[in-house]
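S.K.: Got a predicted structure here, sequence first:
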Amino acid sequence: MCLLLACVNKKKHTAPKQKQIVANIRQLDEVITDNITERLSALKDNEGELEDSLLAFRPSAIQEFYGSDKPSGHWSRDGVVNPAADSMLYMIQHAEDVGLLPAQYHASALTAALEQINGDATAKKDAALWAKVDVLMTDAFMKMASDLRFGVAPRDSVTLKQDSLFTDTQLITALQQALADKDVSVILHAQEPVHAGYVALKEGIQTFKSKYSNYHWDTLPLNYTDTAAFRQLVINRLVQSGHLDTTGRATDTTILKTGIKAFQKEFNIYPDGIAGKRTVIALNRSMHDWIMQAAVNLDRWRKLPDTLPSQYIMVNLPGYTLRVVDSGEVKLESRVIVGTPRTRTPLLNSYMTNFMMYPYWRVPYSIVFKEMLPAIKKNVGYLASKNLEVIDKDGNTVDPATIDWSKLSKGHFPYVLRQMDGIDNSLGIMKFNFRNKYSVYLHDTNNRGLFKNSMRAMSHGCVRVQQWDSLAQYLVRADSVRHSGDSIRVWLAREEKKQVDLPKHIPIYLRYFTAEGQNGNLVFFDDIYGEDKVLRKKMKL
């Protein structure tokens, strides 16, 4: 039994030769073939684990690429690295530029091996070392090609890209083409999305890295009192990142506030000039951590289809923004209010079908039971104060005074609460409908002052739109036969209850982007629902 277990254990840890020096460089390629054969055998025996303890991305594709009969090396010839290998190593070492981690593509093992080959004449004749480089390069290319095309994170419920993986044949063909071209970068970059948002995000990463790559800063204490000592630590930290220049100036409170505001504005924090907890946490984040936030969002772009519709509506929940895009151009942008962390606005794909003027608001049962029913039981006048009417199962209005509210509960509530239309209605005077299983929609609001807030995660799940009137005008702009902007204004002036059906259903996407590229720079948003934390764990960032 012990001998059997020892044999099984030994098989699972098959290791190829770590060194085999040839006497003559002309023998190198032939001996590399034997070493690659050993590595392919070890790859199979070790259940896909490579020499640097990383799992191979697609062992079957690697085996097929090299073949079963005398697998030759592809990334070098006669002891000289191919140009394709140089470009592959560059892509790996600069993987962060496209939102990937170099470590996931054998960066340490390949860098060390090639430095050894370039700096040591004996290592240059080491067939085992060359074979190691060859297999790791092949795996790195296949994994990076897939990650750039489909993303690192797994598919989710809103992924729109039809395919989710390359076939072995596709990976091999792409690699063969890259090797023939002697440059992998063209093939790899061709896998990336071409969407303007993705390109802008990559540009923002470059700007951010060029600005902060040479900066290093201290960490501030999270538990502190606003003392002179702490203020001095904040001043030092702001100087370290270039947000405050104290040269030739006394560091008084005014100068400190100026530096804090400069940092807050750059990182999209309300610029109150106070080093509160949220600002201190942001000050403590490393450059790498900020870039990884951008990386998560590049991965989200990779889940979209290669080509988006000519017209669509995109709502970015953490950015509190709605954009109407037409032929690649943003035609309308509006602030929005989204769901709280407890009542999240869902991510979804749908089509806008119609909008309604002066709509009723049918109160969701979740709100009825959590918020309204307890208040009604205390005082039935609550209904009138909120402009609510009670509707029975037949659609008839019921006098609330005739109902024994004490006997109603979540298990027994044969009514619907409906808020009457008008300016006091929670939906405001316009509601935009699109099919979805969550019963959410876009709408106006009777509390428009909330759009001034910087933190706007405060709804029960639906999306409130500041520029609701401009959105309605856009939706009917091409339907001059039945509707026009003038007719909408007339209906609104009359306070006319009306449903406007759209002749062409417009795609709408509710998405979660916590970083965007704007004017060449990165703009960050709060991870309001904690989605970044989940995704970073899946992506091992």
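M.R.: Thanks, I have it.
S.K.: Would you tell me what the next helix or strand after the helix or strand bottoming out on mean pLDDT in the chain is?
M.R.: The helix or strand of the chain with the poorest confidence is helix 2-12; it has a mean of 48 (mean pLDDT, DSSP states H and E). Using DSSP states H and E, the helix or strand that follows helix 2-12 in sequence is helix 28-45.
S.K.: Next SSE downstream of that next one?
M.R.: Criterion used, DSSP H and E; the element after helix 28-45 is helix 59-66.
S.K.: Okay, buried residues for that next one please.
M.R.: Residues of helix 59-66 classed as buried: 59, 61, 62, 63, 65, 66 (neighbour count, 16 or more other CB atoms under 10 Å). C-beta coordinates here come from the backbone N, C-alpha and C atoms, glycine included.
S.K.: Make JSON lines from these and add distance to residue 507 to it.
M.R.: Listed next are these as JSON lines, based on distance: CB to CB, whole Å:
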{"residue": "59", "distance to residue 507": "39"}
{"residue": "61", "distance to residue 507": "35"}
{"residue": "62", "distance to residue 507": "39"}
{"residue": "63", "distance to residue 507": "42"}
{"residue": "65", "distance to residue 507": "39"}
{"residue": "66", "distance to residue 507": "44"}
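S.K.: quick check, nearest of these to residue 391?
M.R.: residue 61 (61.0 Å; CB to CB).
S.K.: Skip the chain neighbours and tell me the closest residue to the closest one.
M.R.: Sequence neighbours aside, residue 168 is the residue nearest to residue 61 in space, at 4.0 Å (criterion: CB to CB, 6 or more residues apart in numbering).
S.K.: Contacts only, for that neighbour.
M.R.: 58, 60, 61, 64 (CB atoms under 8 Å, 6 or more residues apart in numbering).
S.K.: Tell me the spacing between it and residue 296.
M.R.: 29 Å (CB to CB, to the nearest Å).
S.K.: likewise residue 247?
M.R.: Applying CB to CB to residue 247 and residue 296 gives a distance of 37 Å.
S.K.: quick one, which of the two is more surrounded?
M.R.: residue 296 (25 against 5; other CB atoms under 10 Å).
S.K.: residue contacts, the more buried one?
M.R.: By CB under 8 Å, 6+ apart, the residues touching residue 296 are 99, 514, 515, 532, 535, 536, 539, 541.
S.K.: For the longest strand that the chain contains, name the packing helices and strands.
M.R.: Longest strand of the chain, by residue count under DSSP state E: strand 498-511. When contacts are defined as 3 or more CB pairs under 8 Å, 6 or more residues apart in numbering; DSSP states H and E, strand 498-511 packs onto strand 311-316, strand 348-357, helix 468-475.
S.K.: Flag every buried residue along stretch 165-178.
M.R.: 166, 168, 170, 171, 172, 174, 175, 178.
S.K.: Any regions of the chain where pLDDT drops low?
M.R.: Residues of the chain that meet the criterion pLDDT under 70 lie in 1-13, 421-424, 478-485.
S.K.: Quick check: closest non-adjacent residue to the residue nearest the centre of it.
M.R.: Nearest residue to the geometric centre of the chain (CA atoms, centre = their mean): residue 297, 2.7 Å. Leaving aside its sequence neighbours, residue 297 sits nearest to residue 515 (CB to CB, 6+ apart; 4.6 Å).
S.K.: returning to what we had before: how far away from the center of its chain is the longest strand of the chain?
M.R.: Mean-position distance between strand 498-511 and its chain equals 25 Å (CA atoms, centre = their mean, to the nearest Å).
S.K.: same check, this time on stretch 399-406
M.R.: With CA atoms, centre = their mean, you get 49 Å for stretch 399-406.
S.K.: List of residues touching it?
M.R.: So stretch 399-406 is contacted by 373, 376, 377, 380, 383, 390, 415 (CB under 8 Å, 6+ apart).
S.K.: so can I have a markdown table of the residues you listed showing distance to residue 353?
M.R.: What follows is these, written out as a markdown table (distance: CB to CB, whole Å):
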| residue | distance to residue 353 |
| --- | --- |
| 373 | 32 |
| 376 | 33 |
| 377 | 38 |
| 380 | 37 |
| 383 | 31 |
| 390 | 29 |
| 415 | 28 |
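S.K.: Let me see the backbone angles for residue 149.
M.R.: phi -80, psi -50 (degrees, to the nearest 10).
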